[in-house]
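1. Below are the sequence and a predicted model for it; my questions follow.
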Amino acid sequence: MNISNVVSAVILSVLSAFAMPAQAVNTVIELVNSTNSDESLINANTSGLLLPAAPGPLHANDRVSIVSTTGKNVDAGVITYSACRFNWSVIKIESNYQFSDGAIPSSHCESQVVYQNFNTGEYSVQFKVK
């Protein structure tokens, strides 16, 4: 586990709470590679900022935490590694938030919601290469 990435993600999340408008949406993403092979980063596309950047490569038997943040009512993104495509979204509709996540192909990839709050938009998801 890369502790500097975890610390960076936590610091960013705290700073974002003060620096961003109340409408800001932050998604905490944990990337896990439970295989014995490094995964090459193909692409990372998000609606806001991804801090720190998605690791390339995602090292074998490692986990990294990153934060996707936007000053809008929507946070969404796709991170593609050589074996997996991961996606998430948080959308505010009227006074509540809706969430989605995914990982394909399911034979090698997995997504799991760690936490979601429909009132505040707080969202945490784990993406795993298995």
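-> Cool, the structure landed.
2. If we ignore the residues flanking it in sequence, what's nearest the most centrally placed residue in the chain?
-> Nearest to the geometric centre of the chain sits residue 29, at 2.8 Å (CA atoms, centre = their mean). Spatial nearest neighbour of residue 29, chain neighbours left out: residue 66 (5.2 Å); criterion: CB to CB, 6 or more residues apart in numbering. The way it works is simple: take the backbone N, C-alpha and C, and place the C-beta from them, glycine included.
3. Any idea how many residues pack against the nearest residue to residue 92 once chain neighbours are set aside?
-> Excluding the flanking residues, the one nearest residue 92 by CB to CB, 6+ apart is residue 73, at 3.7 Å. Number of residues near residue 73 (other CB atoms under 10 Å) recorded here: 14.
4. that older thread, the residue nearest to the centre of the chain: which element?
-> Applying DSSP states H and E as the criterion places residue 29 in strand 25-33.
5. Show me how far that strand is from its chain's centre.
-> A distance of 3 Å separates the centroid of the chain from that of strand 25-33, by CA atoms, centre = their mean, to the nearest Å.
6. packing partners for the helix or strand following it?
-> With elements assigned by DSSP H and E, the helix or strand that comes after strand 25-33 is strand 41-46. Using 3 or more CB pairs under 8 Å, 6 or more residues apart in numbering; DSSP states H and E as the contact test, the elements touching strand 41-46 are strand 74-81.
7. The protein: helices as residue ranges?
-> 3-19 (DSSP state H).
8. where does this structure have low pLDDT?
-> 1-23 (pLDDT under 70).
9. about what we covered before: could you give the angle of the strand holding residue 29 to strand 41-46?
-> Strand 25-33 and strand 41-46 are oriented at 170 degrees to each other (axes from the mean of the first three to the mean of the last three CA atoms, to 10 degrees).
10. Can you name every helix or strand that strand 25-33 contacts?
-> helix 3-19, strand 62-70, strand 74-81, strand 85-93, strand 123-129.
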